[in-house]
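Peer 1: Whatever this is, show me its structure:
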Amino acid sequence: MLLAVPPTCFAGAIKVPGDVYILSVGINQYPRQSGLDSHIMFAEADASALPAALEKWIKEPEAHDVAAKLLPTVRVYVTTLLGPKATIDGIRSAMQQIARSARPGDVFIFNFDGMGVCETTHANYEFAAYDSVKTDDGSWQNALRARDLGALLTQIPATEQFVILDTCGSHRALDDLRVALQPPGTDFKYLWKQVHLFAPDGASRETVETKHGLLTAAFLDGLAGGADVDHSGRITWDRLVGYVTWKLPESDKEDMANAERLYALTIYGDASPAKAPTRALTPEAEDAAPDPNDIGQDYALLVGTDHYSGDWPTLNNPISDVKALREELVRDYGFRNDDDHIIEIDEAGKSDIAPKIHQLMAKKFRANDRLLVYFAGHGYRTYLGGKNLEGYVVFKGSKNPTDDDATDSMMSFSDLSAQLNSIGVQHLLLVMDVCYGGLFDGTTDHVKTSFLSLLGGNEQDTAPASELMRRALAAPSRIYITSGDENHQVSDGEKGQHSPFSGRFISVLQANAKSRPYLDMAFLLNGLRSLPREPKAGYFYAAHVDQGADYIFIPRPQSATSSSSPATGE
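Peer 2: I've put the predicted structure just below:
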């Protein structure tokens, strides 16, 4: 499942709020000549009710931001296209008008309730406008293709965009939207726009009791107070999405085994390689072209937690694993032992993580720089009807699951995935030694990866190691490794002896530091395969990561790098 709740978003979290533009489209019945046999009753009611509820919520910012009374009034502009007004030209014209009016810092919300069609399992998804027609060859005229929708979204300069797609199987549109919004080759340095996509994976059912579709009913119920999980009177966007994620399958009582689930995905960035607009009188000078011989610097975010709240048992080794890994990275791989290059968080609380990730987001990395992110501690999963829904990293202050229905005290793998992807470093490796870590694969569109070892993996390739290293660094990478799959716990190990996974990970690095020019993912994974729980690995945000992308560790003994005074963990 793809669930990416943004770290900061929407009117209550934008410190200097701009305007909010809402375009809501709803179609119950299509003309007979369209070839669409529609049995929809409440799409137009949904398209009217949801923007009204959102507008009310946005204009009452005290309900979701304790500092809102200090902020200026937010202006909300709502355009609703219902039935015959929801033609393909009408939808495009409305979005183009918003593109001309919106500015960076504004918010745009697009809601579509109606019918959707898909030619194949996960490609060429189309939303049926009122004047869409099925042709004799089975194709559609006047339909809004998902990629065309993505292209229209890129023309709208609003910094935060929310797209709610309540059509049958609309989760299948996410692939096409992702490609349109962040195509291969997107420059990681300029990821300044955030587009948050929400779509159900089922038949988009309706109920006569609520006179709404299940997805809209869940949003309306959450905005009416259901998402106020701690009874504080405040409903934040992440709580609302968390509530809808829980409520949607719970409401689908007709078929619990195949209940609808909310697929959500955050796309960071703009399809344009141009820089985001700035408010400076004189723009910054362009960076000099990168040196092709520069192998970059190494950075790390290392997080280990031994002690927890509530009923979470104390663990033996996460902190000692993190410290041993840090020592190995500094000694044999040239990581500089200072707070700028290695961020270590011991006994991490959830509130400790976001500032450090934001620190990395703000950092100006160079070409070929690499960032290793390592989590060691407890993991958790939610599931319904025997199906896994989401995985979570558990922190020092995390509550017992029975006391945390919305899992607010933990960090979802999808949220972690989205936040890490927004860091502007060319190469990023996430390693998770937590239970159920394999669920991180659910944030990646289920990309299964068999990494090709460029060093020794192809006997016919006799290029020197320096050339192979250059190739490995050429393509941006987002790669994850987890210590186990989505269905099993992983061992913490005897106290003082490392967890089986962390111990092996460190030993593979240590054993090969003096014998190889570099370690790529294929070589590293090969050294991890004989563990009791076979690790999982793959690309995440794979739509713009080349399938040949790699992450490498480059042995550089401590004496060969400029050393800094040791820095203690936090």
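Peer 1: which residue ranges form the strands in the stretch 351-500 of the chain?
Peer 2: Ranges of strands within the stretch 351-500 of the chain are 370-376, 379-384, 387-393, 411-412, 427-433, 477-482, based on DSSP state E, counting those that start in this stretch.
Peer 1: For the last one, name the packing helices and strands.
Peer 2: Going back to what we said before, that points to strand 477-482. Helices and strands touching strand 477-482, by 3 or more C-beta pairs under 8 Å, 6 or more residues apart in numbering; DSSP states H and E, are strand 427-433, helix 521-528, strand 536-539. For the C-beta atoms, the positions are set from N, CA and C on the backbone; glycine is no exception.
Peer 1: what lines up beside it in the sheet?
Peer 2: Strands that pair with strand 477-482, judged by DSSP bridges, come out as strand 427-433 (parallel), strand 536-539 (antiparallel).
Peer 1: winner for burial among these?
Peer 2: Of all the strands paired with strand 477-482, strand 427-433 carries the top mean neighbour count, a mean of 26, counting by mean count of other C-beta atoms under 10 Å.
Peer 1: got the contact list for that strand?
Peer 2: Contacts with strand 427-433, where a contact means C-beta atoms under 8 Å, 6 or more residues apart in numbering, come from 296, 318, 321, 368-377, 379, 393, 416, 420-421, 440, 473, 476-483, 490, 499, 501-502, 505, 521, 540, 551-552.
Peer 1: remind me which residues of the stretch 101-250 of the chain are low pLDDT?
Peer 2: 118-123, 138, 182-193, 202-204, 229-230, 249-250 (pLDDT under 70).
Peer 1: Which residue ranges of it form strands?
Peer 2: Ranges of strands in the stretch 101-250 of the chain, per DSSP E, counting those that start in this stretch, are 107-113, 116-118, 125-134, 140-145, 160-166, 194-200, 206-207, 212-213.
Peer 1: Next up, the contacts around Glu60.
Peer 2: Glu60 neighbours (C-beta under 8 Å, 6+ apart): none.
Peer 1: What pLDDT is listed against it?
Peer 2: If you check Glu60, the pLDDT there is 74.
Peer 1: and what of Leu528?
Peer 2: Taking Leu528 on its own, its pLDDT is 89.
Peer 1: Surely it is in contact with Val508?
Peer 2: Yes: here Leu528 reaches Val508: they are 6.8 Å apart, a contact under C-beta atoms under 8 Å.
Peer 1: how much space between the closest residue to Tyr308 other than its chain neighbours and Val431?
Peer 2: Once flanking residues are discounted, Tyr308 sits nearest to Lys396: 6.0 Å by C-beta to C-beta, 6 or more residues apart in numbering. From Lys396 across to Val431, the span is 20 Å (C-beta to C-beta, to the nearest Å).
Peer 1: do the same with Thr80
Peer 2: Distance from Thr80 to Val431, by C-beta to C-beta: 47 Å.
Peer 1: Could you do Asp148 as well?
Peer 2: In terms of C-beta to C-beta, Asp148 sits 38 Å off from Val431.
Peer 1: before we move on, what about Lys56?
Peer 2: Lys56 sits 44 Å away from Val431, going by C-beta to C-beta.
Peer 1: One more: Pro476?
Peer 2: Here Pro476 is placed at a distance of 18 Å from Val431 (C-beta to C-beta).
Peer 1: which ones are touching the residue lying closest to Leu329 once chain neighbours are set aside?
Peer 2: Computed as C-beta to C-beta, 6+ apart, the closest residue to Leu329 that is not its neighbour in sequence is Phe335, at 4.0 Å. Phe335 makes contacts with Asp298, Tyr299, Ala300, Arg326, Leu329, His341, Ile342, as judged by C-beta under 8 Å, 6+ apart.
Peer 1: Next, the angle from the helix or strand that contains the second one to strand 427-433.
Peer 2: Tyr299 belongs to strand 298-304 when elements are defined using DSSP states H and E. With axes from the mean of the first three to the mean of the last three C-alpha atoms, to 10 degrees as the criterion, the two stretches strand 298-304 and strand 427-433 enclose an angle of 20 degrees.
Peer 1: Alpha carbons only: can I get strand 298-304 in CSV?
Peer 2: This file holds the C-alpha atoms of strand 298-304, laid out as CSV (Å, rounded to 0.1, in the frame of the first residue of the first chain):
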residue,chain,number,x,y,z
ASP,A,298,29.6,10.3,2.5
TYR,A,299,27.0,11.3,5.0
ALA,A,300,24.9,9.2,7.5
LEU,A,301,21.8,9.5,9.6
LEU,A,302,22.0,6.7,12.2
VAL,A,303,19.1,6.0,14.6
GLY,A,304,19.0,3.5,17.3
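Peer 1: tell me what whatever helix or strand comes next after it is packed against?
Peer 2: Of the helices and strands lying after strand 298-304 in sequence (DSSP H and E), the nearest is helix 318-333. Helix 318-333 sits against strand 298-304, strand 342-346, strand 370-376, helix 500-511, with contacts defined as 3+ C-beta pairs under 8 Å, 6+ apart.
Peer 1: Which residues does stretch 207-215 contact?
Peer 2: 41-43, 45-46, 49, 113, 164, 166, 198, 200, 204-206, 217, 220, 244, 248, 251-252, 260, 262.
Peer 1: Give me the PyMOL select line for those, limited to the buried ones.
Peer 2: The PyMOL selection below is limited to those of those classed as buried (16 or more other C-beta atoms under 10 Å):
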select buried, resi 42+43+45+46+49+113+164+166+198+200+204+205+206+217+220+244+248+251+252+260+262
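Peer 1: Looking at Val490 now. What's its pLDDT?
Peer 2: For Val490, the model assigns a pLDDT of 93.
Peer 1: Find the nearest non-adjacent residue to it, please.
Peer 2: Val490 sits nearest to Gly484 (C-beta to C-beta, 6+ apart), 4.2 Å away.
Peer 1: surely the one you found meets Pro535?
Peer 2: Yes: between Gly484 and Pro535 there is a contact under C-beta under 8 Å: 7.0 Å.
Peer 1: got any residues that touch both of these two?
Peer 2: Phe501.
Peer 1: Check what pLDDT Phe375 gets.
Peer 2: pLDDT, Phe375: 97.
Peer 1: Give me the pLDDT for Lys356.
Peer 2: 89.
Peer 1: which ones are touching the residue lying closest to it once chain neighbours are set aside?
Peer 2: Nearest residue to Lys356, sequence neighbours excluded (C-beta to C-beta, 6+ apart): Ile343, at 5.2 Å. Counting by C-beta under 8 Å, 6+ apart, Ile343 makes contact with Ala300, Leu301, Leu302, Lys356, Gln359, Leu360, Glu570.
Peer 1: would you list those residues in CSV and tack on neighbour count?
Peer 2: Formatted as CSV, the contacts of Ile343 follow (neighbours: other C-beta atoms under 10 Å):
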residue, neighbour count
Ala300, 22
Leu301, 22
Leu302, 24
Lys356, 17
Gln359, 14
Leu360, 21
Glu570, 13
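Peer 1: Among those, which has the minimum pLDDT value?
Peer 2: Glu570 (32).
Peer 1: burial measure for Gln96, as a count.
Peer 2: Using other C-beta atoms under 10 Å, Gln96 has 13 other residues around it.
Peer 1: ok now stretch 77-87, how far from the chain's centre?
Peer 2: Relative to its chain's centre, stretch 77-87 lies at 30 Å (C-alpha atoms, centre = their mean, to the nearest Å).
Peer 1: Let me see the residues that make contact with it.
Peer 2: 19-29, 44, 47-48, 51-52, 55, 90-91, 94, 97-98, 101, 114, 129-131, 142.
Peer 1: Same question for it: list its buried residues.
Peer 2: For stretch 77-87, by 16+ other C-beta under 10 Å, it's Tyr77, Thr79, Thr80, Leu81, Leu82, Gly83, Ala86, Thr87.
Peer 1: Closest one to Thr135 out of these, please.
Peer 2: If you rank the buried residues of stretch 77-87 by distance to Thr135 using C-beta to C-beta, Thr87 comes first, at 17.2 Å.
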